[in-house]
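[1] Task: produce atomic coordinates for the following.
(2 chains)
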Amino acid sequence: MKRVYVNEEWCLGCHLCEYNCAFANSGLSDMVLALKGKPIFPRIHIESGDKITYAVSCRHCEDPICVKSCIAGALSREDGVIRINRDKCVGCFTCILVCPYGALSPDENNVMQKCELCLQNAVGEPACVKGCPNHAIVYEEREAYT
Amino acid sequence: MKEYVIIGNGVAAAACIEGIRRIDSENPITVVSAEKHAVYCRPLISYYLQGKTDPVRMHYRDDDFYARMGCRVLYGRTAVQIHRDRHEVELDDHRFLPFTSLCIATGSSPFVPSFEGLDQVSSQYSFMTLDDAFALEKALLPSARVLIIGAGLIGLKCAEGILHRVGHVTVCDLADRVLSSILDQDCAALVQRHLEESGMEFLLQDSAVSFESNLAHMKSGRTVPFDVLVLAVGVRANTSLMKEAGGGTNRGILVDTRMQTSLADIYAAGDCTEGYDLSSGQKRVLAILPNAVMQGLTAGVNMAGGHMEFDSGIPMNSIGFFGMHIMSAGIYEGEMYEEKTDTSLKRLFIQNDRLKGFILVGREERAGIYTSLIRDRVPLSSLDFENMKKVASTTAFSLEMRRKIFGGVV
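    This is a model prediction of the structure:
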């Protein structure tokens, strides 16, 4: 299936993906209204190390340990996409404890949220990919990766 | 034709059903459910009392789960005996269920020590099941003084769940600290202070020895009057069915990495088992939900003739109290790396070039990266651990490793 991948040598560390993600999932049509002057809680984040930056979001694992570990039955795998039912989440953070990629983070109310590839929001395809100025983030099939 | 029987209807059973159906979509599955509820998220009963969820949202699977999976559920029934020679399970209504392959997923039960006078306490509760929570809820009056025996995970989550609904909550424990099964002294002190500031009272290194109606006589000599008593001393794996059938048990039902017990065609999964703890290298009961799910799935696949092994279980917990999050994993042995503030504590335990365990109190970070270092036994010399120990980040991995885990083309 198609997943979001990052070519780290092309990532500028500009954090635009985080803003595009927060906007895409805000449910609002005006970016200024959605983001200006507010702390953002994106579902993708930039990792910065020594001379490297790259974006990390859910890998949509074939064998997702977060789904198996969720004590609320809030996480599930549907058509290859790891979905979250935020209504069921109680904010125990067990998914944070088990995700080897550090890909999940809570929202401002400590309810977990995660990348669902923008398939559930108005954008319909990953907004982080669409808005990446250097095409460092791509949305594609890669055979070797499961 | 094959017939599958699962004794128990918790998350291990649900995962077992899903495991069977990965391989076998046809043969019938019968589930023996002592509780009259579809599979629900047991660890959420405190969140229910706290008002953070409700019985509908607590369902572990959707409403048509059993129908979709081709399962018959016998609600309100218990298994009384396994006749292994005849491949039959005897139920409490004297029915016999034939099985080709059986999974025991009976979970655990509250352990209640024999306190003198306990039978005279009219308002006493356990805190394991949804029905326990419903029963306790009826006793939650704004004036109620609650005494909870046990400052472990169950006792403290119960305390958090009911604190705003009662007059006073006192928690006692024979241990010298709260959450003694997952926290060391310093981390426990930090958590205890937070809980006290939230309004709980603690009596540690002290516990009830006897009861006189609504008065507890403590080991220390003091007396504690109460209106509601919650018994959360500990739990014991439900192993009796297996023991009586002549199968191998210790503290739990003994299973191998395929969840096969010592008896042919009988598997076991979840809190009733004693499996392998990768972090200590020893067999132990790992009564945590992720383990139950992985064991259940593994048992199901193998029962249906597939092959699956689960050998990467480790103790791990993520638990929160009034906004303070606590995460722990593995064992606390070896050299310790520490970061400390007034309200947070991070401790990593390192031995033989491996991360063996950690405790994070009041630190919201990507702990799963640390957990994977324990589970995958990653040599710390293969990464930039100087940075990793400060911030859990995949940037500390080598480029090759990063490409491997994120699917880049090398």
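[2] for chain B, what are the nearby residues on chain A?
    Residues of chain A lying close to chain B by C-beta under 8 Å from any C-beta of the partner chain are A:3, A:5-8, A:47-50, A:52, A:54, A:56, A:59, A:65, A:68-69, A:71-73, A:87-88, A:90-102, A:104, A:106, A:110, A:142, A:144-145. For glycine as for every other residue, the C-beta is placed from the backbone atoms N, C-alpha and C.
[3] same thing but at 6 Å, please
    A:5, A:47, A:49, A:68-69, A:71-73, A:88, A:90, A:92-94, A:96-100, A:102, A:142, A:145 (C-beta under 6 Å from any C-beta of the partner chain).
[4] Would you list the buried entries among the residues you listed?
    With burial judged by 16 or more other C-beta atoms under 10 Å in any protein chain shown, the buried subset of the residues of chain A next to chain B is A:5, A:47, A:49, A:68-69, A:71-73, A:88, A:90, A:92-94, A:96-100, A:102.
[5] about what we covered before: cross the residues of chain A next to chain B against strands and list the overlap.
    A:Tyr5, A:Glu47 (DSSP state E).
[6] So which of the residues of chain A next to chain B are in helices?
    In helices, defined here by DSSP state H, the members of these are A:Lys68, A:Ser69, A:Thr94, A:Ile96, A:Leu97, A:Val98.
[7] Three-state assignment for the nearest residue to the second one once chain neighbours are set aside, please.
    Here the nearest residue to A:Ser69 in space, its sequence neighbours aside, is B:Pro290; by C-beta to C-beta, 6 or more residues apart in numbering or on different chains that works out to 3.8 Å. Using DSSP: H, G, I helix; E, B strand; the rest coil, the secondary structure recorded for B:Pro290 is helix.
[8] pretty sure B:Pro290 is touching A:Val67, no?
    No: at 10.0 Å, B:Pro290 does not count as touching A:Val67 under the criterion of C-beta atoms under 6 Å.
[9] in stretch B:99-118, what counts as buried?
    Buried residues in stretch B:99-118, counting neighbours by 16+ other C-beta under 10 Å, are found at B:99, B:101-110, B:115, B:118.
[10] what residues does it touch?
    By C-beta atoms under 6 Å, 6 or more residues apart in numbering or on different chains, the residues outside stretch B:99-118 that reach it are B:2-8, B:10, B:12-13, B:16, B:87, B:126, B:128, B:208, B:210-212, B:231, B:233-238, B:265-272, B:299, B:303.
[11] Can you mark which positions in stretch B:45-53 are buried?
    Using 16+ other C-beta under 10 Å as the test for burial, stretch B:45-53 gives B:Ile45, B:Ser46, B:Tyr47, B:Tyr48, B:Leu49, B:Gln50, B:Thr53.
[12] before we move on, what about stretch A:101-117?
    A:101-106, A:111-117.
[13] what do you get for stretch B:2-15?
    By neighbour count on 16+ other C-beta under 10 Å, the buried set for stretch B:2-15 is B:Tyr4, B:Val5, B:Ile6, B:Ile7, B:Gly8, B:Asn9, B:Gly10, B:Val11, B:Ala12, B:Ala13, B:Ala14, B:Ala15.
[14] And stretch B:241-256, by the same measure?
    B:Leu241, B:Met242, B:Ala245, B:Gly247, B:Thr249, B:Gly252, B:Ile253, B:Leu254, B:Val255.
[15] neighbouring contacts of the host helix or strand of the second one?
    Taking DSSP states H and E as the definition, one finds B:Met242 inside helix B:240-244. Applying C-beta under 6 Å, 6+ apart, the contact partners of helix B:240-244 are B:Ala79, B:Ile82, B:Thr249, B:Ile253.
[16] Where do the helices of the chain begin and end?
    I'll assume chain A. Along chain A, counting by DSSP H, helices occupy A:16-24, A:31-35, A:65-69, A:94-98, A:127-130.
[17] nope, chain B please
    Using DSSP H, helices in chain B cover B:11-23, B:45-50, B:65-68, B:130-138, B:153-162, B:185-198, B:240-244, B:289-303, B:367-375, B:385-388, B:399-406.
[18] Return the most buried member of these.
    Compared across the helices of chain B, helix B:289-303 shows the largest average neighbour count, a mean of 28 (mean count of other C-beta atoms under 10 Å in any protein chain shown).
[19] picking up where we left off before, tell me which ones among the buried residues of stretch B:45-53 also neighbour chain A, please.
    Among the buried residues of stretch B:45-53, chain A is touched by B:Tyr47, B:Thr53 when using C-beta under 6 Å from any C-beta.
[20] Now B:Asp132: closest residue in space that isn't a chain neighbour?
    Nearest to B:Asp132 is B:Ser126, by C-beta to C-beta, 6+ apart, at 5.1 Å.
[21] Low-confidence stretches in the chain?
    Just going to use chain A. By pLDDT under 70, the low-scoring segments of chain A are A:144-146.
[22] oops, I was thinking of chain B
    Across chain B (using pLDDT under 70), the flagged ranges come out as B:408-410.
[23] can you give me the strands in the stretch 251-400 of chain B?
    For the stretch 251-400 of chain B, the strands defined by DSSP state E, counting those that start in this stretch occupy B:253-254, B:266-268, B:273-277, B:282-284, B:316-321, B:324-330, B:335-340, B:345-351, B:354-361.
[24] Same list (these) but as CSV, adding distance to B:Glu26.
    Below are those laid out as CSV (distance: least, C-beta to C-beta, whole Å):
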stretch, distance to B:Glu26
strand B:253-254, 28
strand B:266-268, 19
strand B:273-277, 28
strand B:282-284, 35
strand B:316-321, 36
strand B:324-330, 40
strand B:335-340, 53
strand B:345-351, 48
strand B:354-361, 44
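[25] Figure out which of those is closest to chain A.
    In terms of C-beta to the nearest C-beta, the element of those nearest to chain A is strand B:316-321, at 4.1 Å.
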